[in-house]
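*Asks:* I'd like to go over a predicted model; first the sequence, then the structure.
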Amino acid sequence: MTARGDDAGPAPEGAGGRRGEEPAPPFEMIVVGSVNADLVIRVDRRPMPGETVIGSDLATYPGGKGANQAVAAARLGARVALLGRVGSDGNGEFLRKALSGDGVDLDRLTDTPGPSGVAVITVGADGDNSIIVSPGVNARLSEDDIAAAADLLASARVVSLQLESPLATVVAAARTAARVVFNLSPPAAVPDELLAVCDPLVVNEHEAALLLGGPGEPEQQARALLALGPRSAVLTLGADGAVVAEPGTVTAVPSPRVEAVDTTGAGDAFTGALAWRLARGDGLADATAFAVRVGAASVRAPGAQSSYPYPEDLEGL
């Protein structure tokens with residue numbers, strides 16, 4: 001993979017092939033999204049406002065919703081490219097090296113002057129996490145970046161999107177994609193135009209409650225999400241699996257039971273696996289059943305990308 005700066009010319013189009021080489025087959029999926037360094041501290045309990053608590057040693061992992069989804073898919077065997085930005089600080093090279101090591105194509109990952117994105121994460125005794133994100137140069141991923149990669153995006157079977165990138169950039173990417181998998185995380189108001197092309201819209205219970213104005217029974221919530229306009233919807237339920245809503249049908253998908261060590265990045269593992277299996281031609285319920293197993297496998301070890309499974313790790317789940 002070649003490091004490229006803001007002043008570098010556009011990478012060769014055509015789904016991963018380089019000039020003078022045999023054209024590579026199209027990418028199965030392209031992820032447009034964030035690349036962050038995850039700074040993780042484990043705590044027995046989280047501090048109240050104005051309080052200080054003592055935590056574990058600081059651990060730094062590669063993360064970011066976009067990067068996480070790309071790595072999750074790549075480890076399972078996907079041909080996947082990532083369109084995003086890393087900064088000129090020390091984290092930039094760390095993050096690029098981690099992605100390259102997992103086989104993610106980085107021709108559209110741009111080195112950008114400024115700080116890389118950072119997520120400050122506390123993990124409690126129960127494995128649940130709380131996260132604050134500083135976007136850094138992720139905030140500079142632009143509509144121009146999307147326009148420069150429009151042919152590449154259009155060639156992929158699935159484009160996976162999240163909201164750690166500017167909303168206008170996400171909407172522009174959605175306009176170019178043959179099929180959009182959109183994870184509405186972090187939750188925010190989005191235009192109807194974006195919801196209308198989601199196939200599926202992927203949200204957890206908290207994000208669904210924000211969209212729908214309050215909590216509810218999962219199957220009822222899934223139907224209500226579909227009524228907002230997406231072509232399909234997936235409501236993730238953590239240890240309880242997921243609910244799939246398509247026109248005329250709602251399907252509950254259970255999760256295998258595992259001991260949760262750290263849930264950081266589990267939703268991204270789920271979405272990356274889901275997008276890949278949809279790109280391979282699975283129906284939505286089947287793809288969700290596979291993705292639930294991947295999400296469950298990912299909570300059995302610390303960190304986000306560091307916990308993501310290879311195909312052999314799914315045996316027995």
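*Replies:* All right, it came through fine.
*Asks:* the helix or strand containing Val86 - what's its average pLDDT?
*Replies:* Val86 belongs to strand 80-87 when assigned by DSSP states H and E. Mean pLDDT, strand 80-87: 98.
*Asks:* what of stretch 170-185?
*Replies:* Mean pLDDT, stretch 170-185: 97.
*Asks:* give me the buried positions along that stretch.
*Replies:* Within stretch 170-185, the residues that qualify as buried by neighbour count (16 or more other Cβ atoms under 10 Å) are 170-174, 176-177, 179-185. For the C-beta atoms, the positions are set from N, CA and C on the backbone; glycine is no exception.
*Asks:* could you dump those residues to CSV with secondary structure and distance to Met29?
*Replies:* As requested, these are exported to CSV (DSSP: H, G, I helix; E, B strand; the rest coil; distance: Cβ to Cβ, whole Å):
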residue, secondary structure, distance to Met29
Val170, helix, 16
Val171, helix, 19
Ala172, helix, 18
Ala173, helix, 13
Ala174, helix, 14
Thr176, helix, 14
Ala177, coil, 10
Arg179, coil, 9
Val180, strand, 11
Val181, strand, 8
Phe182, strand, 13
Asn183, strand, 13
Leu184, coil, 18
Ser185, coil, 18
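*Asks:* and these, which is closest to Pro49?
*Replies:* Ranked by distance to Pro49 (Cβ to Cβ), the buried residues of stretch 170-185 are led by Ser185 at 24.7 Å.
*Asks:* for Asp89, see how far away that closest one is.
*Replies:* Distance of Ser185 to Asp89, computed by Cβ to Cβ, to the nearest Å: 25 Å.
*Asks:* before we move on, what about Glu51?
*Replies:* 31 Å.
*Asks:* which one of those two has more residues nearby?
*Replies:* Asp89 (17 against 8; other Cβ atoms under 10 Å).
*Asks:* which residues touch the residue lying closest to Ala289 once chain neighbours are set aside?
*Replies:* The shortest distance from Ala289 to any residue other than its chain neighbours is 5.2 Å, reached at Val253 (Cβ to Cβ, 6 or more residues apart in numbering). Val253 makes contact with Gly241, Ala242, Val243, Val244, Ala285, Thr288, Ala289, Val292, according to Cβ atoms under 8 Å, 6 or more residues apart in numbering.
*Asks:* alright, I will stop here.
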